[in-house]
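**Q** dropping a prediction and its sequence here:
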Amino acid sequence: MEPEMDALKVKILPEHQSSPSSTYTVTKPKSKSLILLLIATVAVTLGLLYVFSSNPVLLSGSLFCPLRYSVLIDAGSSGTRVHVFAYWFDQYGEPVFDFGEKHYADMKLTPGLSAYADDPEGASVSVTNLVEFAKTRIPKIKLRTSDIRLMGTAGMRLLEAPVQEQILDVTRRVLRSSGFMFRDEWATVISGSDEGIYAWVIANHALGSLGSDPLETTGIVELGGASAQATFVSSGHVPPEFSRTIAYGNVSYTIYSHSFLHYGKDTALKRLLESLQNSAENSTGDGIVEDPCTPRGYIYDTSSQNYSSGFLADESKLKGSIQAAGNFSKCRSATFALLQEGKDNCLYEHCSIGSTFTPDLQGSFLATSNFYYTAKFFELEEKGWLSELIPAGTKYCGEEWSKLKSEYPTTEEEYLRGYCFSSAYTISMLHDSLGIALDDERITYASKAGAKHIPLDWALGAFILDTVTPTSYYGGKSRKHLGFV
Ligand SMILES: Nc1nc2c(ncn2[C@@H]2O[C@H](COP(=O)(O)OP(=O)(O)OP(=O)(O)O)[C@@H](O)[C@H]2O)c(=O)[nH]1
Ligand SMILES: [Ca+2]
């Protein structure tokens with residue numbers, strides 16, 4: 001995304017703003033005809049201003065509404081992504097967001113920062129590269145007034161606090177010297193509840209339901225690498241520990257938001273394999289236990305370094321005790337058992353996953369991240385996809401690994417190996433545990449939403465919310481109410 005060049009050739013800048021590179025300097029006219037040319041140019045410009053002023057969008061980002069920039073780094077378990085936003089405030093002081101390629105750019109690097117637990121300094125390379133990418137998308141003159149923030153999610157949440165801080169301190173050092181506007185407290189690990197709210201915000205912004213009737217909004221269920229989120233407006237009772245209230249425009253939303261830590265696709269698969277290994281070690285038979293979530297013939301010789309998330313167990317340790325024996329219904333039962341672990345510690349009227357309360361899901365939902373990747377791989381219909389996933393997963397889990405590799409030669413093995421597991425896990429989570437009916441057409445899978453196909457990345461929701469509502473980031477103010485950005 002090149003900084004948007006100005007539509008007009010002659011800029012009349014507000015006096016407080018230095019003239020950016022795109023402004024042409026009008027030189028002293030040498031003759032009468034030049035003076036006439038200058039007068040004609042100014043007259044045409046004023047005429048255009050009058051015409052355009054009735055249509056602010058055309059003026060946005062160039063004349064009275066200069067582009068502003070913000071950078072957000074999402075430190076996820078399977079990768080770190082930098083998001084670069086260009087935005088402006090219209091003549092009413094309202095922020096204008098555009099996530100098209102002219103005003104938005106992103107890049108992802110693997111592995112995630114949590115993979116540097118044993119070498120926190122190693123995280124600096126990743127963050128430096130992401131910062132350099134961001135700098136290619138923002139005019140140099142704007143860097144010092146553009147904020148950069150880093151938000152860690154489940155991958156970082158799973159680290160011991162001291163290790164988290166070591167990695168965060170490394171990122172703070174890089175961000176301090178980046179040339180962007182930065183404060184140490186802007187590199188943090190966010191709560192799962194915040195992560196869910198941000199994803200809900202971008203989804204409803206994209207769908208145009210942000211600011212409308214709460215019961216018209218769309219919920220989000222997201223299956224990440226190390227955590228899963230469920231976020232939606234519930235008309236039922238929500239205990240305060242699961243309830244979040246956000247105001248957008250003049251509408252207040254009371255939202256159920258929870259992040260199921262350890263229940264991401266990668267961490268759940270790791271837990272399943274570890275539990276199988278434990279039962280192999282405790283078995284009285286030949287010490288080999290079947291793994292119903294991995295296609296027959298798969299050899300557990302992948303060291304976790306080969307996986308982007310770094311969360312999958314070092315599978316080579318599993319050799320000799322676990323045998324791949326893909327079987328969808330057995331995998332669905334095994335993953336359901338995983339989701340029900342800890343249920344006897346439930347303190348609520350009912351718990352959906354572990355000892356966590358979830359109100360009955362209501363309204364429409366978007367299923368994102370690994371739910372999306374799995375449904376997309378099986379080329380399922382967007383509506384009614386859950387019921388289709390069962391036969392598709394049953395067939396896939398029953399295939400030989402060598403056949404799958406030859407059938408999908410361009411699919412990364414890390415992903416190919418996980419589709420048996422993720423198909424069964426999707427059903428045991430969304431249907432068996434959260435109670436979504438298999439034929440419920442209100443839940444669709446997606447990675448983008450709305451007429452403008454906006455990416456459903458929680459980071460975009462964080463950017464929106466922090467621009468329009470006061471946050472601790474700016475001493476209780478929002479970007480909208482601050483002069484510097
Ligand atoms: N099948 C498939 N899986 C993918 C692809 N890209 C990413 N993933 C998987 O999707 C998950 C990443 O989704 P994200 O929501 O970005 O998860 P994350 O941010 O890395 O992890 P969290 O810290 O839990 O949020 C990981 O499990 C990846 O292995 C893809 O192209 N295909
Ligand atoms: Ca994520």
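**A** Thanks, I have the structure now. A quick note: this is a predicted structure, and the numbers were derived from the prediction, not measured. Residues are numbered from 1 along each chain as shown. Ligands and ions are numbered 1, 2, ... in the order given.
**Q** which parts of the stretch 251-400 of the chain are strands?
**A** 251-261, 289-291, 322-324, 364-369 (DSSP state E, counting those that start in this stretch).
**Q** can the last one be said to contact ligand 2?
**A** What it means is strand 364-369. No: applying Cβ under 5 Å from the ion, one finds strand 364-369 separated from ligand 2 by no less than 6.5 Å. Heads up, the C-betas are built off the backbone N, CA and C, glycines and all.
**Q** other SSEs contacting that strand?
**A** strand 218-223, strand 443-445 (3 or more Cβ pairs under 8 Å, 6 or more residues apart in numbering; DSSP states H and E).
**Q** out of the ones you listed, deepest packed?
**A** strand 218-223 (a mean of 25; mean count of other Cβ atoms under 10 Å).
**Q** any idea which helix or strand comes after it?
**A** Sequence order places strand 227-233 as the next helix or strand after strand 218-223, per DSSP states H and E.
**Q** any idea how far that following strand is from the chain center?
**A** Distance of strand 227-233 from its chain centroid, counting by Cα atoms, centre = their mean, to the nearest Å, is 13 Å.
**Q** cool, and stretch 453-470?
**A** Counting by Cα atoms, centre = their mean, stretch 453-470 comes out at 10 Å from the chain centroid.
**Q** got the CA coordinates for it in CSV?
**A** Output in CSV follows, covering the C-alpha atoms of stretch 453-470 (Å, rounded to 0.1, in the frame of the first residue of the first chain):
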residue,chain,number,x,y,z
HIS,A,453,-14.7,-8.6,2.2
ILE,A,454,-13.0,-7.3,5.3
PRO,A,455,-10.6,-9.7,6.9
LEU,A,456,-12.0,-11.2,10.2
ASP,A,457,-8.8,-10.5,12.1
TRP,A,458,-9.4,-9.5,15.7
ALA,A,459,-6.5,-6.9,15.3
LEU,A,460,-8.8,-4.9,13.0
GLY,A,461,-11.5,-4.8,15.7
ALA,A,462,-8.9,-3.7,18.3
PHE,A,463,-7.8,-0.9,16.0
ILE,A,464,-11.5,0.3,15.5
LEU,A,465,-12.4,0.1,19.2
ASP,A,466,-9.3,1.9,20.3
THR,A,467,-9.9,4.7,17.8
VAL,A,468,-13.4,5.4,18.8
THR,A,469,-13.5,4.6,22.5
PRO,A,470,-11.2,5.8,25.4
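**Q** give the buried residues for it.
**A** 454-469 (16 or more other Cβ atoms under 10 Å).
**Q** what's the closest of these to ligand 2?
**A** Trp458 (6.7 Å; Cβ to the ion).
**Q** the closest one is in contact with Ala199, isn't it?
**A** Yes: using Cβ atoms under 8 Å, Trp458 is in contact with Ala199, at 4.0 Å.
**Q** what sits in contact with each of those two?
**A** Common contact partners of Trp458 and Ala199 (Cβ atoms under 8 Å, 6 or more residues apart in numbering): Glu222.
**Q** on that earlier part again, in JSON lines, list the strands of the stretch 251-400 of the chain along with mean neighbour count, mean pLDDT and distance to Asp194.
**A** Converted to JSON lines, those look like this (neighbours: other Cβ atoms under 10 Å; pLDDT from 0 to 100; distance: least, Cβ to Cβ, whole Å):
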{"stretch": "strand 251-261", "mean neighbour count": "20", "mean pLDDT": "95", "distance to Asp194": "8"}
{"stretch": "strand 289-291", "mean neighbour count": "21", "mean pLDDT": "94", "distance to Asp194": "35"}
{"stretch": "strand 322-324", "mean neighbour count": "20", "mean pLDDT": "93", "distance to Asp194": "37"}
{"stretch": "strand 364-369", "mean neighbour count": "24", "mean pLDDT": "97", "distance to Asp194": "16"}
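**Q** for the ones you listed, give me TSV that also has distance to ligand 1.
**A** Below are those laid out as TSV (distance: least, Cβ to the nearest ligand atom, whole Å):
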stretch	distance to ligand 1
strand 251-261	9
strand 289-291	18
strand 322-324	18
strand 364-369	4
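**Q** of these, which is nearest Phe97?
**A** strand 251-261 (17.5 Å; Cβ to Cβ).
**Q** starting at the chain centroid, how far to the closest one?
**A** 16 Å.
**Q** that one close to ligand 2?
**A** No: contact between strand 251-261 and ligand 2 is absent, the nearest approach being 9.9 Å (criterion: Cβ under 5 Å from the ion).
**Q** wait, Asp432 touches Leu339, no?
**A** Yes: here Asp432 reaches Leu339: they are 7.5 Å apart, a contact under Cβ under 8 Å.
**Q** higher neighbour count, these two?
**A** Between Asp432 and Leu339, Leu339 has the larger neighbour count (other Cβ atoms under 10 Å), namely 21 against 17.
**Q** next, the residue nearest to Arg144 when sequence neighbours are not counted: phi, psi?
**A** Using Cβ to Cβ, 6 or more residues apart in numbering and skipping residues adjacent in sequence, the residue nearest Arg144 is Met181, 6.1 Å away. Per-residue torsions, Met181: phi -80, psi 120 (degrees, to the nearest 10).
**Q** how far away is Met181 from Pro292?
**A** 52 Å (Cβ to Cβ, to the nearest Å).
**Q** okay, and the beta partners of Phe85?
**A** Taking DSSP bridges, one finds Ser70, Tyr104 as the beta-bridge partners of Phe85.
**Q** OK, contacts around it?
**A** Phe85 neighbours (Cβ under 8 Å, 6+ apart): Tyr69, Ser70, Val71, Leu72, Phe97, Phe99, His103, Tyr104, Leu460, Phe463.
**Q** could I get the phi/psi values of the closest residue to ligand 1 within the chain?
**A** Nearest residue of the chain to ligand 1: Gly76, at 2.2 Å (Cβ to the nearest ligand atom). The phi/psi pair for Gly76 (degrees, to the nearest 10) reads phi -90, psi 170.
**Q** swap in Ser209?
**A** phi -100, psi 0.
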